[in-house]
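Need a 3D model of the sequence below.
(chains A and B)
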Number of protein chains: 2
Amino acid sequence: MIINGIPATQISAQDRGLHYGDGLFETLRVTDGQPEWWSRHMTRLTHGCARLAIPLPDLDRLHHEALELTHDCARGVLKIILTRGSGGRGYRLPDTITPTRILSLHPYPTYPAAYWAEGVCVRLCDLRLARQPALAGIKHLNRLEQILARNEWQDETITEGLLRDAEDNFIEATMSNLFLVRDGVLTTPDLSGCGVRGIMRDLVLEQAEAHGIPTMITPVQSPHLMAADEVFLTNSIIGLWPVKQIISLKSYAVGPITRRLSACIAEFA
Amino acid sequence: MIINGIPATQISAQDRGLHYGDGLFETLRVTDGQPEWWSRHMTRLTHGCARLAIPLPDLDRLHHEALELTHDCARGVLKIILTRGSGGRGYRLPDTITPTRILSLHPYPTYPAAYWAEGVCVRLCDLRLARQPALAGIKHLNRLEQILARNEWQDETITEGLLRDAEDNFIEATMSNLFLVRDGVLTTPDLSGCGVRGIMRDLVLEQAEAHGIPTMITPVQSPHLMAADEVFLTNSIIGLWPVKQIISLKSYAVGPITRRLSACIAEFA
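The predicted structure follows:
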């Protein structure tokens, strides 16, 4: 682990990341010593910093620190946390903000190969995501909703949980973005009210467009998933997992557009 | 500062409090070596632990640790943070949860005496609180909304900012609860959708009832504040501040019920 450029394992207990979740994070897949889609992650981090008024760190230095951790890692996960640092009285921002950057390297999670080849089984979460446009899209450190949602099930055969807002719009899953295909059109939920705008979500949308697959970003409700031919999940660690079943809703086959986009992403990486 | 019973200033950078805001906090006023309203704070903490499925720490030990910090403090603020500790893969809870407890002592903030005697000037925040019943009422560590709201103004003559939800219901202020008086009835907003249920809010409601002042917990909108005779704010650090002006809405005199409840609270402490 590297904290503010120095090998370390602890941070100040005054850090605003701890006190308020006042910060952002990125999780990057590491392959052959390299953090993948670096510039895309940095674009999202930059956007998050602007939204929260956290000074953007020197991205070249951050990249250097990242490579220091990852250079002899064949396969892993790099997590970067950026907080507003210490200081300030209560919620008020400090007069001088000195962000804290924490980089840590983790083993690549052990998922069965069938998750990619045959798809995953998912459930509907009871917890509803709150609508908060001021925080929607960015990957901030306020993640209690995801924790409560992930704690709704312990059944190991269920891989992910789909999250809806209070108006029954499907938004995402606890750690991934949601896509569906119907009549050849690729659709993913609108994230203007809540949800994380995943790196892989953007990449899949771009790849679809580049391959002549029509795309739509729109509210998604239960009838859309009932009518869908293919459903899949994405994030930058897993890439793309087909959904083979949404419990109590519908089962799906791994379809041609899912296969095609999955191949595009694998090739791109 | 005391962390897990030991004098320390740093915590593990793997703590879920940092990674996800996965925890709770309490801020207690310290007077003559004692943290005030201890059992009320512990009741809220207990409720928060139940809601987030964080094992409740031994409250006697916590009290002992608190007194260790506060015993020679004439006036200050004790902050207690309780996180879910380290571990788990992603949002999923660890198989064994070992909470982290962080106790820190801070100087009592220097507010002008006029805040109590003549009241404070407050503004309406643009940011709207998201409706999330699963987190409403408890004092959890996901506080980006409060930070964004508090960062909306720098004018030192404005002491607090009132927060509404997306449906124009007034909920609270950035660090305090909101009360209004009309025709002798004390009203405070319903917190079932969002907001923190303050220790002092409960105490004021109880004192009002004990003194024959009718109380109501109900949605509060702009016309209610326009029609109010008295408005005040509460939290366990400040006690009670009359509101003398809500900018662009209305000015208020410090009224008889405000004075009476303010005296009750001072006496109670």
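
Could you list the single helix or strand in chain A with the lowest mean pLDDT?
helix A:256-268 (a mean of 92; mean pLDDT, DSSP states H and E).

same for that helix, what does it pack against?
helix A:199-210, strand A:230-235, strand A:239-246 (3 or more C-beta pairs under 8 Å, 6 or more residues apart in numbering or on different chains; DSSP states H and E). Every C-beta, even on glycine, is put in place using the N, C-alpha and C of the backbone.

angle of the last one against strand A:230-235?
In terms of direction (axes from the mean of the first three to the mean of the last three C-alpha atoms, to 10 degrees), strand A:239-246 departs from strand A:230-235 by 140 degrees.

just checking, next helix/strand downstream of strand A:239-246?
Using DSSP states H and E, the helix or strand that follows strand A:239-246 towards the C-terminus is strand A:250-251.

which residues sit in contact with A:Asp202?
A:Arg40 (C-beta atoms under 8 Å, 6 or more residues apart in numbering or on different chains).

tell me which parts of the stretch 51-200 of chain A are close to chain B?
A:52-53, A:81, A:83, A:89-93, A:102, A:104, A:109, A:127-128, A:130-132, A:134-135, A:140-151, A:166, A:174-175, A:194 (C-beta under 8 Å from any C-beta of the partner chain).

Show only the entries of the residues you listed found in helices.
Those of these mapping onto helices are A:52, A:144-150, per DSSP state H.

Report the distance from the least confident helix or strand of chain A to the chain centre.
Chain-centre distance of helix A:256-268: 19 Å, with C-alpha atoms, centre = their mean, to the nearest Å.

quick one on the thing from earlier: quick check: ChimeraX command selecting the buried ones in the residues of the stretch 51-200 of chain A next to chain B.
Here is the ChimeraX command that picks out the buried ones among those, judged by 16 or more other C-beta atoms under 10 Å in any protein chain shown:
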select /A:52,81,83,90,91,92,93,102,104,127,128,130,131,132,135,140,141,142,143,144,145,146,147,148,149,150,151,166,174,175,194
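
For the residue nearest to A:His63 when sequence neighbours are not counted, what are phi and psi?
In this structure, A:His63 finds its nearest non-sequential neighbour in A:Trp38, 6.5 Å apart by C-beta to C-beta, 6 or more residues apart in numbering or on different chains. Phi and psi for A:Trp38, reported as degrees, to the nearest 10, are phi -50, psi -50.

Contact partners for A:Trp38?
A:28, A:63, A:66.

Distance of it relative to B:Leu233?
According to C-beta to C-beta, to the nearest Å, A:Trp38 stands 46 Å off from B:Leu233.

cool, and A:Glu26?
Separation of A:Glu26 from B:Leu233 (C-beta to C-beta) stands at 38 Å.

same question, A:Ile97
Distance of A:Ile97 to B:Leu233, computed by C-beta to C-beta: 27 Å.

If you count surrounding residues, which of the two has more?
Just comparing A:Ile97 and B:Leu233: by other C-beta atoms under 10 Å in any protein chain shown the higher neighbour count belongs to B:Leu233, 27 against 16.

For that one, which non-adjacent residue is closest in space?
By the measure of C-beta to C-beta, 6+ apart, the closest residue to B:Leu233 outside its immediate chain neighbours is B:Ser176, 4.0 Å from it.

Could I get the contacting residues of the closest residue to chain B within chain A?
Nearest to chain B in chain A, going by C-beta to the nearest C-beta, is A:Gly21, at a distance of 3.0 Å. With contacts defined as C-beta under 8 Å, 6+ apart, A:Gly21 is in contact with A:140-143, B:20-21, B:141-144.

Please apply the same query to A:Pro99.
For A:Pro99, the contact set (C-beta under 8 Å, 6+ apart) comprises A:23, A:54-55, A:57, A:82-85.

Out of those residues, who's the most crowded?
Across those, neighbour numbers were computed from other C-beta under 10 Å; A:Gly23 holds the maximum, 30 neighbours.

is it true that it touches A:His140?
Yes - using C-beta atoms under 8 Å, A:Gly23 makes contact with A:His140 at a distance of 7.1 Å.

Next, show the common contact partners of those two.
Common neighbours of A:Gly23 and A:His140, counting by C-beta under 8 Å, 6+ apart, are A:Leu52.

Give me the neighbour count for the residue nearest to A:Ser262 when sequence neighbours are not counted.
Residue nearest to A:Ser262 in three dimensions, not counting chain neighbours: A:Leu240, with 4.6 Å by C-beta to C-beta, 6+ apart. By the criterion of other C-beta under 10 Å, A:Leu240 has 24 neighbours.

before we move on, what about A:Leu69?
Applying other C-beta under 10 Å, we find 21 other residues in the vicinity of A:Leu69.

cool, and A:Ala263?
A:Ala263 has 12 neighbours, counted by other C-beta under 10 Å.

cool, and the one 3 residues further on?
A:Ala266 has 11 neighbours, counted by other C-beta under 10 Å.

separation between it and B:Glu152?
45 Å.

all strands of the stretch 1-150 of chain A, in order?
A:2-3, A:6-7, A:10-12, A:23-31, A:34-35, A:75-83, A:100-107, A:120-129 (DSSP state E, counting those that start in this stretch).

Save those as a markdown table, and put in mean pLDDT and distance to B:Gly76 too.
Shown next, in a markdown table, are those (pLDDT from 0 to 100; distance: least, C-beta to C-beta, whole Å):
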| stretch | mean pLDDT | distance to B:Gly76 |
| --- | --- | --- |
| strand A:2-3 | 98 | 29 |
| strand A:6-7 | 97 | 32 |
| strand A:10-12 | 97 | 20 |
| strand A:23-31 | 98 | 27 |
| strand A:34-35 | 98 | 44 |
| strand A:75-83 | 98 | 25 |
| strand A:100-107 | 97 | 26 |
| strand A:120-129 | 98 | 38 |
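
okay if I get those as CSV plus distance to A:Asp202?
CSV is the format used below for the strands of the stretch 1-150 of chain A (distance: least, C-beta to C-beta, whole Å):
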stretch, distance to A:Asp202
strand A:2-3, 27
strand A:6-7, 33
strand A:10-12, 30
strand A:23-31, 14
strand A:34-35, 17
strand A:75-83, 18
strand A:100-107, 23
strand A:120-129, 20
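
List the residues that contact the most centrally placed residue in chain A.
For chain A, A:Gly198 is the residue whose C-alpha lies nearest the centre (C-alpha atoms, centre = their mean; 4.6 Å). A:Gly198 makes contact with A:172, A:176-177, A:234-236, according to C-beta under 8 Å, 6+ apart.

any idea how far A:Pro223 is from the nearest residue to A:Ala117 once chain neighbours are set aside?
Spatial nearest neighbour of A:Ala117, excluding adjacent residues (C-beta to C-beta, 6+ apart): A:Val254 at 7.7 Å. Shown here: A:Val254 relative to A:Pro223, a distance of 22 Å by C-beta to C-beta.
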